[in-house]
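Asker: Quick one: sequence and predicted model below, then my questions.
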Amino acid sequence: MVATCPTATGVWGWLAKIADPEIPVLSITDLGIVRDVQVNEDEVTITITPTYSGCPAMDAIAEEIRRSAKEHGIEHLHLVTELSPPWTTDWMSDAARQRLRDYGIAPPASSLVQIEAAKPACPRCGSVETRLVSRFGSTPCKAHYQCLSCLEPFDAFKRH
């Protein structure tokens with residue numbers, strides 16, 4: 001591969017193709033994990049923030065960023081983990097929320113009405129008649145619910 005000087009736009013482009021290891025329908029940019037990209041000649045600095053304190057996927061995400069950077073001819077990568085301010089579900093894109101719903105995971109509340117209701121809508125039938133089964137779902141960032149209308153179980157992404 002012939003090395004070319006990377007651009008911030010180009011780096012954002014290939015980062016958008018890196019899937020979250022726990023929710024493969026979302027990219028790390030959809031989730032808002034990637035906070036910043038700086039390019040200074042042949043040096044690239046990528047700043048990331050974990051979605052959840054102690055998120056076990058962050059090591060895999062960092063390794064995938066490093067692998068992809070090498071694949072794109074980037075020899076000098078600085079990967080910075082920034083914890084403050086902490087990640088929030090507000091950083092998720094609208095497209096990410098829709099992809100979660102389509103995948104069968106209720107997206108996090110995005111409005112005061114949803115937050116006050118404290119029950120996510122079923123991603124399959126849309127009913128708000130749901131019940132919390134467990135505060136812990138398949139990953140620490142999700143809770144497990146059941147729809148009382150269609151009776152399907154589903155994960156709901158926790159708002160934070």
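Answerer: Here it is on my side, so go on.
Asker: CA only for contacts and neighbour counts going forward, please
Answerer: OK.
Asker: secondary structure element for the residue sitting nearest the centre point of the chain?
Answerer: By Cα atoms, centre = their mean, the chain has its centre lying nearest to residue 31, at 2.8 Å. For residue 31, there is no host helix or strand (DSSP states H and E).
Asker: how far away is it from residue 92?
Answerer: 5 Å (Cα to Cα, to the nearest Å).
Asker: which residues of the chain score low on pLDDT?
Answerer: 1-4, 111-117 (pLDDT under 70).
Asker: Tell me how it divides into domains.
Answerer: 8-87, 105-157 (automatic domain parsing).
Asker: Would you state the strands of the chain in chain order?
Answerer: 34-40, 43-48, 76-81, 105-106, 130-134, 142-147, 153-157 (DSSP state E).
Asker: residues in contact with the fourth one?
Answerer: Residues from elsewhere that reach strand 105-106 (Cα atoms under 8 Å, 6 or more residues apart in numbering): 100, 120, 121, 122, 123, 154, 155, 156, 157.
Asker: in this protein, which spans are helices?
Answerer: For the chain, the helices defined by DSSP state H cover 8-15, 58-71, 94-103, 112-117.
Asker: among those helices, which is the most enclosed?
Answerer: helix 94-103 (a mean of 17; mean count of other Cα atoms under 10 Å).
Asker: tilt between that one and strand 153-157?
Answerer: Orientation check (axes from the mean of the first three to the mean of the last three Cα atoms, to 10 degrees): helix 94-103 against strand 153-157 gives 170 degrees.
Asker: So what touches helix 94-103?
Answerer: 25, 26, 30, 31, 106, 107, 108, 123, 124.
Asker: Buried residues in stretch 15-34, which are they?
Answerer: 15-16, 18-21, 26-34 (16 or more other Cα atoms under 10 Å).
Asker: Using CSV, lay out the contacts of helix 94-103 together with distance to residue 53.
Answerer: Output for the contacts of helix 94-103, formatted as CSV (distance: Cα to Cα, whole Å):
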residue, distance to residue 53
25, 22
26, 19
30, 19
31, 15
106, 21
107, 19
108, 17
123, 26
124, 29
